[in-house]
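**Q** Compute the structure for the input listed below.
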Amino acid sequence: MKRSSDRILTTHVGSLVRTPEIMQGLKARALGQPYDQSKLAADIRQGIIDVVHKQVEIGIDIPNDGELARLGFSAYAAHRLGGLQLRPAEPNEPDWGGGDAAEQAAFPDFFRQYASHFRYLWMPPEVDISDMPNRPGTGERFRVVAPITYTGQDEVRRDIDTFETALQGLTVADAFITATPPTGRRADADIEKFYPDNTSYMYAVADALHEEYKTITDAGFILQLDLASTSTHNPQAIDERVEVVNHALRDIPEEQVRYHHCWGSMNHPHTTDTPLKEFVQAMLRIKAQAYSIEAANARHEHEWMLWKDVKLPEGKILIPGVISHQTNVVEHPELVAWRIQNYASVVGKENVIAGADCGFAQHWDAIRVHPSVQWAKLQSLVEGAALASQQLWGRRHEHVSL
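**A** Next up is the predicted model:
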């Protein structure tokens, strides 16, 4: 994994807003409606080529494919695992709204309004969502019907081939592909029919997803694992999840892995977020070289000071989010530079890569900011990193557009 050896490198967390054409195809897929599969495949392929070029054009050093081909950042994996079957939502399953039960109880009026519209606030007008149920992961709830196996060989190979095509002729420091961790499948039903407990089930999923992780890293890409596997107030649960993730990462070089932690990503109060100090040591036990954390989120921005007391292990890298995905306010480059310098002051400038707090569209139908604002934020990230580099290295660094 490249380090910020002579300037601050830039990246982001993964998901970027899909094109309207891709959204229309993914919507039909999610609802089980007929759609032109060849057109959707062509739209995804061209969309990935365009989004990779756009990232490099504005100066992102470590791009990805924007997750444009996926229904959602974690939901995609269910279609690559044998032994799962779609199921309807249960009556007691919550509507999409973010936050945990304690926070929803503390702010019931907020969540009642928030859950009713936030997913679709920035939906392009040409994408009709009048027939979309306002439920989390529409069409993405599963029950276990057989032992878990990995069946996604063709899909992950297609992801890699498309990304390689998009990168041809471009100069990048590194390139990454995101994947969901095995600890993310906590909503699957009927686990006990095939596994003695949830822990055994997570290890089975880890064994299956290991094949996907290995395929990505064998192709030469950085693997990023997403989802807050450490976000809980239960230390025992944290330790268990870290062990499961590490089991899935066995035999994969740490220098090809980065781990992303966030606190749910939604624009809600975040008053019940687990403080970073409660799980930072567990997070650092995950077999990754780099750790991506929220640092622009107003509930966590102060946590850069934690690293005055917590030593970043030798050879590790922090990827603090210095722009937020939760607000359409575009951060000033000088603010971005200030945030970067804070981290550089406590862990060393060569150990910092500038990133975003979370993805801009973790699901095809959950868009955090307007697409034009997304790109303005990423541009500000690049400009802020250049300012920080000038201040940290004492010479001017500029990105030259292609």
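**Q** Can you list the buried residues in stretch 342-356?
**A** Residues of stretch 342-356 classed as buried by neighbour count (16 or more other C-beta atoms under 10 Å): 342-344, 346-349, 351-356. Heads up, the C-betas are built off the backbone N, CA and C, glycines and all.
**Q** and the worst-scoring helix or strand of the chain on mean pLDDT, what does it pack onto?
**A** For the chain, using mean pLDDT, DSSP states H and E, the weakest element among its helices and strands is helix 108-117, scoring a mean of 87. Packed against helix 108-117, as judged by 3 or more C-beta pairs under 8 Å, 6 or more residues apart in numbering; DSSP states H and E, are no other helices or strands.
**Q** and it, how far from the chain's centre?
**A** Averaging C-alpha positions (C-alpha atoms, centre = their mean, to the nearest Å) puts helix 108-117 24 Å from its chain's average.
**Q** Tell me the first helix or strand C-terminal of it.
**A** Next in sequence after helix 108-117, counting helices and strands by DSSP states H and E, comes strand 142-150.
**Q** who's in contact with that following strand?
**A** Contacting residues not belonging to strand 142-150 are listed as 78, 80-87, 187-191, 193-195, 201, 204-205, 207-209, 211-212 [C-beta atoms under 8 Å, 6 or more residues apart in numbering].
**Q** how about it as CSV, C-alpha atoms only?
**A** The C-alpha trace of strand 142-150 is given here as CSV (Å, rounded to 0.1, in the frame of the first residue of the first chain):
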residue,chain,number,x,y,z
PHE,A,142,-32.8,-13.6,3.4
ARG,A,143,-33.2,-16.9,5.2
VAL,A,144,-30.6,-19.7,5.4
VAL,A,145,-31.8,-22.7,3.4
ALA,A,146,-28.6,-24.7,3.1
PRO,A,147,-24.9,-24.5,4.3
ILE,A,148,-23.2,-21.4,3.0
THR,A,149,-21.0,-21.6,0.0
TYR,A,150,-19.4,-19.0,-2.3
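**Q** Run the angle between the very next helix or strand once past it and strand 142-150 for me.
**A** Next along the chain after strand 142-150, taking DSSP H and E as the criterion, comes helix 153-167. Compare the direction of helix 153-167 with that of strand 142-150 by axes from the mean of the first three to the mean of the last three C-alpha atoms, to 10 degrees and you get 80 degrees.
**Q** Give me the residues contacting helix 153-167.
**A** 44-45, 48-49, 51-53, 64-65, 69, 79-80, 175, 177, 211-212, 215-216, 219, 221.
**Q** Which of those residues fall in strands?
**A** Counted as lying in strands by DSSP state E, out of those, are residue 177.
**Q** Which among the contacts of helix 153-167 count as buried?
**A** Looks like those have 44-45, 48-49, 51-53, 64-65, 69, 80, 175, 177, 211-212, 215-216, 219, 221 buried, using 16+ other C-beta under 10 Å.
**Q** The stretch 301-402 of the chain: strands as residue ranges?
**A** Using DSSP state E, counting those that start in this stretch, the strands of the stretch 301-402 of the chain run over 317-323, 353-356.
**Q** can I get those strands in a markdown table with distance to residue 297 and mean pLDDT?
**A** Listed next are the strands of the stretch 301-402 of the chain as a markdown table, based on distance: least, C-beta to C-beta, whole Å; pLDDT from 0 to 100:
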| stretch | distance to residue 297 | mean pLDDT |
| --- | --- | --- |
| strand 317-323 | 7 | 98 |
| strand 353-356 | 11 | 98 |
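**Q** Compare those and give me the one nearest residue 395.
**A** strand 353-356 (17.8 Å; C-beta to C-beta).
**Q** Quick check: neighbours of the closest one in the sheet, parallel or antiparallel?
**A** Using DSSP bridges, strand 353-356 pairs in its sheet with strand 9-10 (parallel), strand 317-323 (parallel).
**Q** residues of the longest one that come out buried?
**A** Across strand 317-323, burial judged by 16+ other C-beta under 10 Å covers 317, 318, 319, 320, 321, 322, 323.
**Q** Would you mind measuring from the third one to residue 18?
**A** When you say that, I think you mean residue 319. Note on residue 319: its distance to residue 18, by C-beta to C-beta, to the nearest Å, is 23 Å.
**Q** now for the helix or strand containing residue 200, which elements pack on it?
**A** If you go by DSSP H and E, residue 200 is part of helix 198-218. Counting contacts by 3+ C-beta pairs under 8 Å, 6+ apart, helix 198-218 is packed against strand 81-86, strand 142-150, helix 153-167, strand 176-179, strand 222-225, helix 235-248.
**Q** rerun at 6 Å
**A** strand 142-150, strand 222-225, helix 235-248 (3 or more C-beta pairs under 6 Å, 6 or more residues apart in numbering; DSSP states H and E).
**Q** what does it contact?
**A** 81, 148-150, 152, 156, 177, 179, 182-183, 185, 191, 195, 223, 244, 247-248, 252, 256 (C-beta atoms under 6 Å, 6 or more residues apart in numbering).
**Q** let's go with 7 Å and repeat that
**A** 77, 80-81, 147-150, 152, 156, 160, 177, 179, 182-183, 185, 191, 195, 223, 240, 244, 247-250, 252-253, 256 (C-beta atoms under 7 Å, 6 or more residues apart in numbering).
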